[in-house]
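Q: Pasting the sequence and the predicted coordinates here, then a few questions.
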Amino acid sequence: MTISLASQFHSIEFEHVSLSYGNRAVISDLSFSVNKGEIVCVIGPSGCGKTTALRMAGGLVRPDSGGVKVLSQKLDGPRRDVAIVFQDYGKALLPWRTARGNVSLALEATGVPVRQREEQIMSLLSKVGLASHADRYPTEMSGGMQQRLQIARCLAQKPDVILMDEPFGALDAMTRQSLQDEMLSIASETGATVFFVTHDIEEAIYLGDRVIGLLPNPGRIGRVFDIPLPRPRSQLATRELPEFLKLRRELFAFIEKAER
Ligand SMILES: Nc1ncnc2c1ncn2[C@@H]1O[C@H](COP(=O)(O)OP(=O)(O)OP(=O)(O)O)[C@@H](O)[C@H]1O
């Protein structure tokens, strides 16, 4: 297999990807790459193909033409080193398993021996602030806690790439901000590449190294925004920076135009 020099630095590569459902073009000639360890957010009007692009990166949807590579390999289905966090944590978690049991499932799937599981479960639950809730069932937890649990379960896969589809969209503003910060510290600790779909302009700027703005009908790249804001980011200080406010205006104008 030949691996180009450029692709050694990329975790995700879309090369001229197109997809139609019936005779409706949903994605057209989409090309971009996400560097290793980078956080790239995707934003765009409803129906522009954000979720479809994320599902393609997860090997859940195949393009009609063009190719998707993950970690320099052509994708032909889901991979263990690529984890997906969905918005709908209620459906993603198993209600008959406790927090411990839900995380354990991912370890069982990767063949971690029973003796090592407990230690890893507790370490993952601690990472997302749920150590004292290990024996609770998902229905006994708040939305924010359930989403933390889904993130812990995703981390159990030790993913190189984390795909997040509006993971905090259903949460209240305070919980959302605290999970954004947890996600940033996990990404910096693990070095994972993050591909993050959101409707929220400020969330995209706050989290991203770059923001890809998609245009609809069919889904294609409108503009890529570099986000040169310093890290670590802070909910108060970062959001008050003149550069943050400038980017917010630019992204707002982009979305407003894209929706017309
Ligand atoms: N399985 C499918 N069959 C037919 N059409 C589909 C299917 N999945 C998605 N679509 C259509 O493809 C387009 C893109 O959908 P997608 O969910 O990727 O958009 P999105 O940008 O994530 O939207 P939203 O912001 O509303 O979540 C939409 O018009 C949607 O109706």
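A: Everything's here; your move. Because the structure is predicted, anything quoted here is derived from the model rather than measured.

Q: name the element H16 belongs to?
A: Assigned by DSSP states H and E, H16 belongs to strand 10-21.

Q: contacts for the helix or strand following that strand?
A: Using DSSP H and E, the helix or strand that follows strand 10-21 in sequence is strand 24-35. With contact meaning C-beta atoms under 8 Å, 6 or more residues apart in numbering, strand 24-35 is reached by 6-7, 9-20, 40, 49, 52-53, 56, 63, 66, 193, 195, 212, 217-221, 224. Quick note: C-beta positions are derived from backbone N, CA and C, even for glycine.

Q: Quantify the burial of the closest residue to P216 other than its chain neighbours by counting its neighbouring residues.
A: In space, and not counting its chain neighbours, P216 is closest to C48: 3.8 Å by C-beta to C-beta, 6 or more residues apart in numbering. If you count neighbours by other C-beta atoms under 10 Å, C48 ends up with 24.

Q: any idea how far L207 is from the residue of the chain most remote from its centre?
A: Distance from the C-alpha centroid of the chain, by C-alpha atoms, centre = their mean, peaks at R115 (30.9 Å). Note on R115: its distance to L207, by C-beta to C-beta, to the nearest Å, is 37 Å.

Q: now do T110
A: 27 Å.

Q: Looking at these two, which is more packed in?
A: L207 (24 against 11).

Q: surely that one meets M183?
A: Yes - counting by C-beta atoms under 8 Å, L207 does reach M183; the two are 7.0 Å apart.

Q: follow-up on the earlier one: so what does the helix or strand in which the residue farthest from the centre of the chain is found touch, helix or strand wise?
A: Using DSSP H and E, R115 sits within helix 114-127. With contacts defined as 3 or more C-beta pairs under 8 Å, 6 or more residues apart in numbering; DSSP states H and E, helix 114-127 has these neighbours: helix 99-109, helix 143-156.
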